[in-house]
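A.B. asks: Give me coordinates for this.
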Amino acid sequence: MQVQRLAQRSARVQPFTSGKVRVVRPSRQLAARAMASYELDPDNASILVCGGGGVALHVTRKLKDMGSWVWMMQRTDVRKAEIEKMMAFVPKGDALNKEDVQRVFDGIEEVDAVVCTLGGSVADPRVDSEGNINIIEAAIKKGVKKFVLVTSVGCGDSKAAPGERVYEVLKPVLVEKDKAEEVLKAAGSAGKLVYTIVRPGGLLSDKATGSAILTEDASASGAIQREDVATLVCKALFSKKADNKVLTAIDPTIRPGPEVQPFQL
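C.D. replies: This next block holds a predicted model:
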């Protein structure tokens, strides 16, 4: 049985190549019905993670531990060896280059889900909108079942959450992330895919606490360890309760604030 199971899993995927793969795209009505009844099994899902490091690396590691097939798109080879040690594939591509992004998707036989944690800087925030939107559009063409986008507290209806001074400092990035959120929500409303948007508070790089929560309260603000964000992202990815939700991710034990209602996955 174990050999048969492995054979079935191997038949669903192929190593990344630069060659073109013919994609048969379903009609919108068929796609919408498929989205409504999609199933994601973490032990056999094919998932593309887009992000340079930090949260994306933690997500890749956790998904591999869960038994998923994982591709982690990278613009450079800096982290290639580290990612390959996790037994994940490392297709090379720049999210700001549509042709690169399409080539990455074409090089994977089947993509069940995408986790996108792309982020730029205040000095150059283009990837926060253009890069994320390129990934979203390619995912729709590929027929991806679910898309998890990691943005930030301060986006959309959470604009007031970080406070005026913090918002003004981060405004160039947050405005661009807003654009990507709106494109993804519009795609979800049109039945093109299922999405979850996760907005973390201030990101920290210490050891995970295990105390982080998700909440639908757009006024929530605080801090959170990157690894805890990754844990919540993976849980949201495989939970239908998080479908088409916009959730804030914070750790109340790091920076206590007004009590918020946790979202139960």
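
A.B. asks: Next, give phi and psi for I224.
C.D. replies: When quoted as degrees, to the nearest 10, the phi and psi of I224 stand at phi -160, psi 140.

A.B. asks: out of everything not next to it in sequence, what's closest to it?
C.D. replies: D251 (4.5 Å; C-beta to C-beta, 6 or more residues apart in numbering). (Each C-beta comes from the backbone N, C-alpha and C, glycine too.)

A.B. asks: OK, contacts around the one you found?
C.D. replies: G201, T209, S211, A212, I213, G222, A223, I224, Q225, D228 (C-beta atoms under 8 Å, 6 or more residues apart in numbering).

A.B. asks: Which among these count as buried?
C.D. replies: When the contacts of D251 are checked for burial by 16 or more other C-beta atoms under 10 Å, the buried set is G201, A212, I213, G222, A223, I224, Q225, D228.

A.B. asks: Which pLDDT value goes with the nearest residue to the third one once chain neighbours are set aside?
C.D. replies: In this structure, I213 finds its nearest non-sequential neighbour in P262, 4.3 Å apart by C-beta to C-beta, 6+ apart. P262 is assigned a predicted lDDT (pLDDT) of 98.

A.B. asks: per-residue pLDDT, the residue nearest to I224?
C.D. replies: pLDDT at D251 comes out at 98.

A.B. asks: Please report how far the residue nearest to I213 lies from P256.
C.D. replies: According to C-beta to C-beta, to the nearest Å, P262 and P256 sit 14 Å apart.

A.B. asks: now swap in W71 and tell me
C.D. replies: According to C-beta to C-beta, W71 and P256 sit 39 Å apart.

A.B. asks: So which residues of the stretch 1-150 of the chain form strands?
C.D. replies: Using DSSP state E, counting those that start in this stretch, the strands of the stretch 1-150 of the chain run over residues 46-50, 69-73, 113-116, 146-150.

A.B. asks: of all the ones you listed, which lies closest to A190?
C.D. replies: When the strands of the stretch 1-150 of the chain are compared by C-beta to C-beta, strand 146-150 sits nearest A190, at 13.0 Å.

A.B. asks: who does the lengthiest helix in the chain touch, helix- and strand-wise?
C.D. replies: Longest helix in the chain, counting residues (DSSP state H): helix 164-189. With contacts defined as 3 or more C-beta pairs under 8 Å, 6 or more residues apart in numbering; DSSP states H and E, the packing partners of helix 164-189 are helix 132-142, strand 146-150, strand 194-200.
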